[in-house]
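1. For reference, the sequence and a predicted model appear below.
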Amino acid sequence: MSRPLILCVEDEPSLRDDIAADLREAGYDVSTARDASEALVRLNERRPELVLCDIVMPGMDGRALLAHLRATRPDLDDIPFVFLTALSSREQMIEGRQAGADDYLTKPIDYDLLRAMIAARLDQVHRLRSARSEGFQIAALDRLAIGIVLLDSDGGVVHTNFAAKNLAQQAQSSLGSRLTAQGEDGRRLCALVAEVTSDTRSGAALLLNPDDRRVMVIGRSLGSSRAQNGATAMLTLCDPMRREALDAAALRQLFDLTPTEACVARLVADGLRRDQVAERLGVSATTVAFHLRNIFDKTGTHRQADLVALILSMPMASVDPLDPPAAENTPTIHHFRGRKRP
């Protein structure tokens, strides 16, 4: 697991260097900025786990920077923002809180207190993210171009996304409290659901084929990864003749990408070369390469070709759509290799 990244925004070079050295010794990665403008560049390059920011700085001060981020970067709202200041009056502390700061540390810096405060804040954020992660994942499912149906242990529908409803209708199936179909398709679908919800098979697939409008249904047991909402298995529905990359918003939620990283990943998946991505975004090729390195790290891929394959291979399983008999067998399941960020 990578070390948490702390962004330190401080205009006094010696103090900035001292803070960075102390935090690195404590086991953190540290990114530094001498003013608000440089801090905005750092935030676009890589998402930190916590921001330490001086209040009194030339140009945009700490309060203005925080207000700017709260207004323009809602994706950073869950990152603790801590003010550093030599002004320790009660009024200054109240103003800092009113500006939206999560904490307040006065100079000269007590480094033991600094490390304890950072550890406590990061632990708090981790617990909150863990509690909310299931809701974020469900929201991400609704942005997928493939159908997702989560099932409980009895085969009942716990959650279904928008694409699943459309694909079920295309397959002339019913998607309510259960996913059902008519005739032989219905019997095979019922057997697939029974298998993946009872853990008798980790994965199975079938091809619904009403009037040759094919819809692939792939089922997999969630096993020990079952969700807190009671889901024990997942069905994915897709049109095997259609391949479509995820949009940038879905990529952000699934892999914890920054807005720029999500745009880069989406353009690469669309087939653009690195120089074309740079031209489209108005940045240098070096900047695109930097973002790609971060994307590789977050998605667990190592090459651009692997990244494209991952994005286009959703929903994590592959079956030959033109071979119905083989489709009855257990499909090859491709799991996400990206690490789950704290």
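-> Received it, and whenever you're ready, just let me know what you need.
2. Next up, identify which helix or strand residue 105 is on.
-> Assessed by DSSP states H and E, residue 105 sits inside strand 103-106.
3. swap in residue 252?
-> Counting by DSSP H and E, residue 252 is part of helix 248-255.
4. so what does that helix touch, helix or strand wise?
-> helix 111-141, helix 259-269, helix 285-299 (3 or more Cβ pairs under 8 Å, 6 or more residues apart in numbering; DSSP states H and E). C-beta: built from backbone N, CA, C; applies to glycine.
5. Out of the ones you listed, which is the most enclosed?
-> Using mean count of other Cβ atoms under 10 Å, the stretch among those with the greatest mean number of neighbours is helix 259-269 (a mean of 22).
6. List the contacts of it.
-> Applying Cβ atoms under 8 Å, 6 or more residues apart in numbering, the external contacts of helix 259-269 come out as 44, 75, 245-249, 251-252, 255, 257, 274, 276-277, 280-281, 288, 291-292, 294-295, 298-299, 304, 307-308, 311-312.
7. Stretch 72-91 too?
-> For stretch 72-91, the external contacting residues (Cβ under 8 Å, 6+ apart) are 10, 43, 47-56, 62, 66, 69-70, 92, 96, 99-107, 109, 117-118, 121-122, 124-125, 128-129, 252, 258-259.
8. buried set for it?
-> Along stretch 72-91, these residues count as buried under the neighbour rule (16 or more other Cβ atoms under 10 Å): 73, 75, 79, 80, 81, 82, 83, 84, 85.
9. Let's have the residues you listed in a markdown table, adding distance to residue 192 and pLDDT.
-> Output for those, formatted as a markdown table (distance: Cβ to Cβ, whole Å; pLDDT from 0 to 100):
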| residue | distance to residue 192 | pLDDT |
| --- | --- | --- |
| 73 | 44 | 85 |
| 75 | 38 | 81 |
| 79 | 43 | 88 |
| 80 | 46 | 89 |
| 81 | 49 | 91 |
| 82 | 52 | 91 |
| 83 | 56 | 90 |
| 84 | 58 | 89 |
| 85 | 62 | 82 |
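10. Adding secondary structure and distance to residue 14, write these out as JSON lines.
-> Converted to JSON lines, the buried residues of stretch 72-91 look like this (DSSP: H, G, I helix; E, B strand; the rest coil; distance: Cβ to Cβ, whole Å):
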{"residue": "73", "secondary structure": "coil", "distance to residue 14": "29"}
{"residue": "75", "secondary structure": "helix", "distance to residue 14": "33"}
{"residue": "79", "secondary structure": "coil", "distance to residue 14": "26"}
{"residue": "80", "secondary structure": "coil", "distance to residue 14": "25"}
{"residue": "81", "secondary structure": "strand", "distance to residue 14": "23"}
{"residue": "82", "secondary structure": "strand", "distance to residue 14": "20"}
{"residue": "83", "secondary structure": "strand", "distance to residue 14": "19"}
{"residue": "84", "secondary structure": "strand", "distance to residue 14": "14"}
{"residue": "85", "secondary structure": "strand", "distance to residue 14": "17"}
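11. Need the buried ones from the contacts of stretch 72-91 selected in PyMOL.
-> Per 16+ other Cβ under 10 Å, the buried members of the contacts of stretch 72-91 correspond to this PyMOL selection:
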select buried, resi 10+43+47+48+49+50+51+52+53+54+55+62+66+69+92+96+99+101+102+103+104+105+106+109+117+118+121+122+125+252+258
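12. ok, now which ones touch residue 186?
-> By Cβ under 8 Å, 6+ apart, the neighbours of residue 186 are residue 180.
13. Kindly report the same for residue 149.
-> For residue 149, the contact set (Cβ under 8 Å, 6+ apart) comprises 157, 159, 160, 161, 164, 175, 179, 234, 235, 236, 237.
14. can we see that at 7 Å?
-> Going by Cβ atoms under 7 Å, 6 or more residues apart in numbering, residue 149 touches 157, 160, 164, 179, 235, 237.
15. now for the one helix or strand residue 218 maps to, which elements pack on it?
-> Here residue 218, judged by DSSP H and E, is contained in strand 215-221. Other elements packing on strand 215-221 under the criterion 3 or more Cβ pairs under 7 Å, 6 or more residues apart in numbering; DSSP states H and E are helix 183-197, strand 203-208, strand 233-238.
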